[in-house]
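[1] Need the 3D shape of this:
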Amino acid sequence: MFLDYFMVRKVIVGQDLLRASGTVSKKLSRWLGERGYVDADAASEGAERGADAARDLPRAERAARILWEAAANSVVDPTDLSEDDLIDFDHFTICKLRPGQLWLTHFESGKEQPLAPIAVPEAATKLLQEGWDLGCALGRVRGKWWLVEVGS
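    This is a model prediction of the structure:
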């Protein structure tokens with residue numbers, strides 16, 4: 001939760017510190033395992049998650065910045081949209097990626113509903129991964145969804 005939630009949504013730092021948080025978590029997990037403070041499986045899992053975070057957190061931050069800029073420069077004004085054509089800020093799961101397009105999973109009336117494809121800069125789709133969460137608001141214009149706000 002520290003790396004997957006807290007570092008992504010609550011801490012505003014540069015890519016170097018994001019990378020370091022994963023590296024330090026990896027080393028801490030190994031240290032805890034070597035000294036018997038946690039069992040070997042937990043130490044191994046912590047080290048693996050730390051290594052993943054060292055690689056993924058800087059990528060996620062770069063992608064979020066690209067998406068934020070795209071939303072900020074969008075011609076879609078959420079105040080001009082009806083309630084049916086606006087999904088307020090929420091956290092969605094990326095369920096599919098193609099160059100310049102992403103598909104998000106949204107829960108509506110207790111069911112998973114894919115929203116897609118959403119046009120985004122290709123540079124962002126090169127960094128994102130299926131299964132990652134995206135904090136954003138979406139607006140629909142002429143049947144097509146657009147990012148209108150991006151957080152993390």
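
[2] Counting by contacts, list what the lowest-mean-pLDDT helix or strand in the chain packs against.
    Least confident helix or strand, the chain: helix 7-9 with a mean of 73, by mean pLDDT, DSSP states H and E. The contact analysis (3 or more CB pairs under 8 Å, 6 or more residues apart in numbering; DSSP states H and E) places helix 7-9 against helix 40-72. For glycine as for every other residue, the C-beta is placed from the backbone atoms N, C-alpha and C.

[3] average pLDDT for the helix it packs on?
    Averaged over helix 40-72, pLDDT sits at 92.

[4] Would you mark the buried spots in it?
    43, 46-47, 49-50, 53-54, 56-64, 66-68, 70-71 (16 or more other CB atoms under 10 Å).

[5] got the angle for the longest strand along the chain vs helix 40-72?
    Ranked by residue count under DSSP state E, the longest strand found in the chain is strand 86-98. Here strand 86-98 points in a direction 110 degrees away from that of helix 40-72 (axes from the mean of the first three to the mean of the last three CA atoms, to 10 degrees).

[6] next structured bit after strand 86-98?
    Downstream of strand 86-98, the next assigned helix or strand under DSSP states H and E is strand 101-108.

[7] Isn't residue 62 up against residue 127?
    Yes: Residue 62 is within contact range of residue 127, at 5.5 Å (criterion: CB atoms under 8 Å).

[8] sorry, back to before: quick one: the helix or strand just after the least confident helix or strand of the chain to helix 40-72, angle?
    Next in sequence after helix 7-9, counting helices and strands by DSSP H and E, comes helix 15-34. Helix 15-34 and helix 40-72 meet at an angle of 170 degrees, taking the same axes, to 10 degrees as the criterion.

[9] mind listing what's buried in helix 15-34?
    In helix 15-34, counting by 16+ other CB under 10 Å, buried: 18-19, 21-22, 25-26, 28-29, 32-33.

[10] least trustworthy position among the residues you listed, going by pLDDT?
    Among the buried residues of helix 15-34, residue 18 carries the weakest pLDDT, at 78.

[11] and the gap between the closest residue to it other than its chain neighbours and residue 5?
    Among residues not flanking residue 18 along the chain, residue 57 sits closest, at 3.8 Å (CB to CB, 6 or more residues apart in numbering). Shown here: residue 57 relative to residue 5, a distance of 12 Å by CB to CB, to the nearest Å.
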